[in-house]
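> The amino acid sequence is not available; the structure is as follows:
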């Protein structure tokens with residue numbers, strides 16, 4: 001038998017069932033913690049997995065050898081040298097038994113067993129000690145251990161019985177708990193488990209500042225079916241209805257039966273209120289389809305009340321009450337529908353669905369178009385590129401600016417579709433301009449957070465670039481500062497955009513030095529400072545100093561700074577004195593307010609205009625720019 005070899009604070013060995021003579025000990029270590037069996041025993045059945053949290057070498061070898069001697073079935077043994085390693089292992093892997101010393105260095109094995117029991121990790125713990133006592137045995141059982149073993153006098157039979165019988169008792173106890181927490185008819189969670197899960201979900205949501213949706217469901221017409229067609233049909237109906245509900249939600253969501261024909265669904269990590277109504281409507285649709293039971297068509301519908309934590313209630317009982325009341329409102333409206341506990345949310349959802357319908361119609365009928373704002377370098381006196389904004393040419397209201405409808409799409413399923421349409425449109429326009437010989441022209445388009453966080457962000461943009469022939473480095477994807485604060489998810493998405501090859505800009509919400517310095521970690525190419533952040537800068541020293549410091553830091557980091565919507569000469573003078581030479585503004589405003597510039601080098605008009613010695617005046621240039629940039 002070879003000596004144990006440590007690996008990352010743990011040891012691993014395996015004992016196979018005994019044949020005519022003891023089998024050799026096989027050893028290995030792995031980061032993943034999986035145990036590899038010997039090649040000769042690869043097809044033999046796996047037995048008990050045992051974690052030995054024993055730091056004393058003599059005690060460890062004594063117990064290990066006893067396992068070897070009592071190997072009437074296969075034992076897979078892991079060894080952890082400290083409680084931290086043991087905790088990590090049991091969180092990732094399943095063990096049939098844990099043997100833990102009374103003392104692990106300065107830590108208490110009893111305290112660790114209490115923690116494991118409190119966390120409901122459902123593992124059979126056996127406390128191992130040098131010398132036992134009735135007091136220690138009582139303390140071990142109270143803490144949650146299944147047995148107490150004295151190493152002195154321990155024999156293979158006693159060890160085998162403690163490990164195996166303890167595991168069987170644990171499984172039996174777990175099965176009883178399962179039965180106590182389940183609805184015996186449908187197999188769903190019952191009221192007791194639902195209330196426990198809801199309390200824990202609210203605690204998690206409070207810590208992480210997230211929403212929880214609670215759906216309270218009542219089956220319309222079930223009582224009449226149960227009374228007229230019999231309880232057997234009624235029971236079958238409840239079983240099938242329960243399965244349809246489960247099929248309508250995510251795996252992480254809980255569906256529970258409270259009793260009779262009342263059910264509830266817990267929707268954790270609810271991104272927005274509308275997602276709750278989407279799930280509820282999915283359940284409504286699933287339940288209104290006919291049920292074919294005992295050669296009979298049975299039809300029911302569902303009334304669903306929706307309550308959202310923390311807006312509708314901040315504790316579990318009030319949240320249930322809010323959802324229950326909303327369910328009765330749904331019944332009062334004739335059933336077969338879902339209603340929010342808050343009237344405001346119902347109106348918001350109705351408005352959002354109406355917007356989605358109108359926006360879908362606008363996309364399909366050419367009512368959306370792109371309007372551009374040039375980005376001008378005041379120092380070099382040339383247009384570097386432009387940013388495209390969507391506008392809606394609505395027949396009944398005229399032109400609607402993007403500020404009036406674009407943010408409303410954030411919670412809409414159309415968010416990605418509209419963003420991709422915008423990217424494709426600006427790419428087509430940019431390619432048309434590049435065919436006129438202007439190769440260094442860049443074009444920018446801002447996207448919504450929902451699209452930014454989508455799984456196919458990089459692939460969908462890549463497809464647009466390939467379809468239009470647009471060079472990736474000439475496209476700038478505009479983000480907002482709150483998008484890049486989503487930490488790990490943002491890092492993954494930003495990295496995927498870098499791999500595509502596009503440039504990135506960020507619309508700032510703060511001109512603080514730390515805010516701008518943070519952008520370096522994401523390799524941002526440009527920062528756009530909105531007008532409202534620096535409107536008072538020309539007249540207030542503190543605001544002016546903040547602008548200058550921000551521009552200086554950005555330039556030091558190699559990030560170009562673009563100031564938005566310039567309205568007067570003082571503002572332009574401050575920007576230039578601060579080192580910010582790039583401004584972005586509507587064409588008319590730019591032409592009217594760039595005083596002292598009789599010409600702007602034209603980079604997006606026809607090729608022959610490049611040879612002119614005297615370029616058009618700003619207003620004339622602006623008109624030609626608008627005409628050329630909108631030409632396809």
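That came in fine, so what should we check first? Not measured: the values here are computed from a predicted model. Residues are numbered from 1 along each chain as shown.
> what residue ranges in the stretch 1-150 of the chain score low on pLDDT?
1-47, 70-73, 118-122 (pLDDT under 70).
> again, only using 50
1-11, 14-46 (pLDDT under 50).
> One more: the chain?
Along the chain, the parts satisfying pLDDT under 50 run over 1-11, 14-46, 588-632.
> Nearest residue to the middle of it?
residue 489 (7.5 Å; Cα atoms, centre = their mean).
> my read: that residue touches residue 452, true?
No. With contact defined as Cβ atoms under 8 Å, residue 489 does not count as touching residue 452 (9.2 Å). To be clear about C-beta, it is placed using only N, CA and C from the backbone, and glycine gets the same treatment.
> neighbouring contacts of the helix or strand residue 465 falls within?
Under the criterion of DSSP states H and E, residue 465 resides in helix 457-468. With contact meaning Cβ atoms under 8 Å, 6 or more residues apart in numbering, helix 457-468 is reached by 416, 420, 423-424, 427-428, 431, 451, 454, 470-472, 475, 477, 493, 496-497, 499-500, 502.
> Give me the buried positions along the biggest strand by length in the chain.
If you go by DSSP state E, the chain has its longest strand at strand 382-394. Buried residues in strand 382-394, counted by 16 or more other Cβ atoms under 10 Å: 383-392.
> Show me where the stretch 101-250 of the chain has its helices.
Counting by DSSP state H, counting those that start in this stretch, one finds helices in the stretch 101-250 of the chain at the ranges 109-118, 134-143, 156-181, 191-208, 222-229, 231-248.
> of those, which approaches residue 361 most closely?
Closest of these to residue 361 is helix 231-248, at 28.3 Å (criterion: Cβ to Cβ).
> downstream neighbour of that closest one in the secondary structure list?
Next element after helix 231-248 (DSSP H and E): strand 254-259.
> rewinding a little: most widely separated two among the buried residues of strand 382-394?
Taking Cβ to Cβ as the measure, those have their most distant pair in 384 and 392, spaced 27.6 Å apart.
> What helices and strands are in contact with the longest strand of the chain?
strand 368-377, strand 398-400, helix 402-405, helix 415-434, strand 442-446, strand 475-480 (3 or more Cβ pairs under 8 Å, 6 or more residues apart in numbering; DSSP states H and E).
> For residue 295, which of those is the nearest?
Proximity to residue 295, assessed across these by Cβ to Cβ, is greatest for helix 415-434 (44.9 Å).
> Just the residues contacting that closest one, thanks.
Applying Cβ under 8 Å, 6+ apart, the external contacts of helix 415-434 come out as 359, 363, 368-370, 372, 388, 390, 406, 409, 441-445, 447-448, 450-451, 454, 460-461, 464-465, 467-470, 474-475, 477, 604, 628-632.
> Now list the buried members of those.
Here, 16+ other Cβ under 10 Å leaves 359, 368, 370, 372, 388, 390, 406, 409, 441-445, 447-448, 450-451, 454, 461, 464-465, 468, 470, 474-475, 477, 604, 628-629 buried among the contacts of helix 415-434.
> hey, what's residue 371 bridged with?
Taking DSSP bridges, one finds residue 389 as the beta-bridge partners of residue 371.
> So it versus residue 505, what's the distance?
Using Cβ to Cβ, to the nearest Å, we find residue 371 at a distance of 18 Å from residue 505.
> How about residue 222?
56 Å.
> Check residue 439 too.
20 Å.
> same deal with residue 69?
The gap separating residue 69 from residue 505 is 70 Å, by Cβ to Cβ.
> Same check on residue 440?
17 Å.
> which one of these two has more residues nearby?
residue 505 (24 against 10; other Cβ atoms under 10 Å).
> Skipping adjacent residues, who's closest to that one in space?
residue 526 (4.0 Å; Cβ to Cβ, 6 or more residues apart in numbering).
> Quick check: residue 390 touching residue 368?
Yes. Residue 390 is in contact with residue 368 according to Cβ under 8 Å; the separation is 5.7 Å.
> picking that back up, from residue 278, how far off is the nearest residue to the residue nearest to the centre of the chain once chain neighbours are set aside?
Computed as Cβ to Cβ, 6+ apart, the closest residue to residue 489 that is not its neighbour in sequence is residue 453, at 6.2 Å. In this view, residue 453 and residue 278 are 17 Å apart by Cβ to Cβ.
> More neighbours: which of these two?
residue 453 (17 against 13).
> Next, that one: phi, psi?
For residue 453, the backbone dihedrals (degrees, to the nearest 10) come out as phi -90, psi 0.
> Could you report the distance from it to residue 415?
For residue 453 relative to residue 415 (Cβ to Cβ), the value is 10 Å.
> again with residue 303
Distance from residue 303 to residue 415, by Cβ to Cβ: 30 Å.
> Could you count how many residues lie near residue 256?
25.
> partners of it in the sheet?
Here residue 256, judged by DSSP bridges, has bridge partners residue 189, residue 264.
> what about stretch 263-270, distance to the chain center?
Computed by Cα atoms, centre = their mean, to the nearest Å, the chain-centroid distance of stretch 263-270 equals 16 Å.
> quick one, strands of the stretch 1-150 of the chain?
Assigned strands in the stretch 1-150 of the chain, in chain order: 10-15, 26-27, 48-53, 75-80, 97-101, 103-104, 107-108, 125-129, 147-150 (criterion: DSSP state E, counting those that start in this stretch).
> Contact partners for residue 225?
233-234, 237, 298, 300.
> Would you format those residues as a markdown table with distance to residue 95 and neighbour count included?
Output for the contacts of residue 225, formatted as a markdown table (distance: Cβ to Cβ, whole Å; neighbours: other Cβ atoms under 10 Å):
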| residue | distance to residue 95 | neighbour count |
| --- | --- | --- |
| 233 | 46 | 17 |
| 234 | 44 | 22 |
| 237 | 42 | 20 |
| 298 | 47 | 19 |
| 300 | 46 | 20 |
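> Mind picking the one among those residues that's closest to residue 97?
The closest of those, once distances to residue 97 are taken by Cβ to Cβ, is residue 237, at 44.0 Å.
> right, so of the helices of the stretch 101-250 of the chain, which gets closest to residue 342?
Here helix 191-208 is closest among those (Cβ to Cβ), at 17.4 Å.
> Start and end of stretch 392-406, how far apart?
In stretch 392-406, first residue to last residue: 10 Å (Cα to Cα, to the nearest Å).
> which residues touch that stretch?
Contacts of stretch 392-406 with the rest of the structure, by Cβ under 8 Å, 6+ apart, involve 355, 359, 362, 367-369, 371, 389-391, 418, 448.
> Just flag the most distant two among those residues.
355 and 371 (19.9 Å).
> tell me the angle of the helix or strand harbouring residue 506 relative to strand 382-394?
Taking DSSP H and E as the criterion, residue 506 maps to strand 503-507. Relative orientation of strand 503-507 and strand 382-394, computed by axes from the mean of the first three to the mean of the last three Cα atoms, to 10 degrees: 70 degrees.
> Just the buried residues of strand 503-507, please?
Per 16+ other Cβ under 10 Å, strand 503-507 contains these buried residues: 503-507.
> List the neighbouring strands of that strand plus their orientation.
In the sheet, strand 503-507 lines up with strand 475-480 (parallel), strand 526-529 (parallel) (DSSP bridges).
> Highest mean neighbour count out of those?
strand 526-529 (a mean of 24; mean count of other Cβ atoms under 10 Å).
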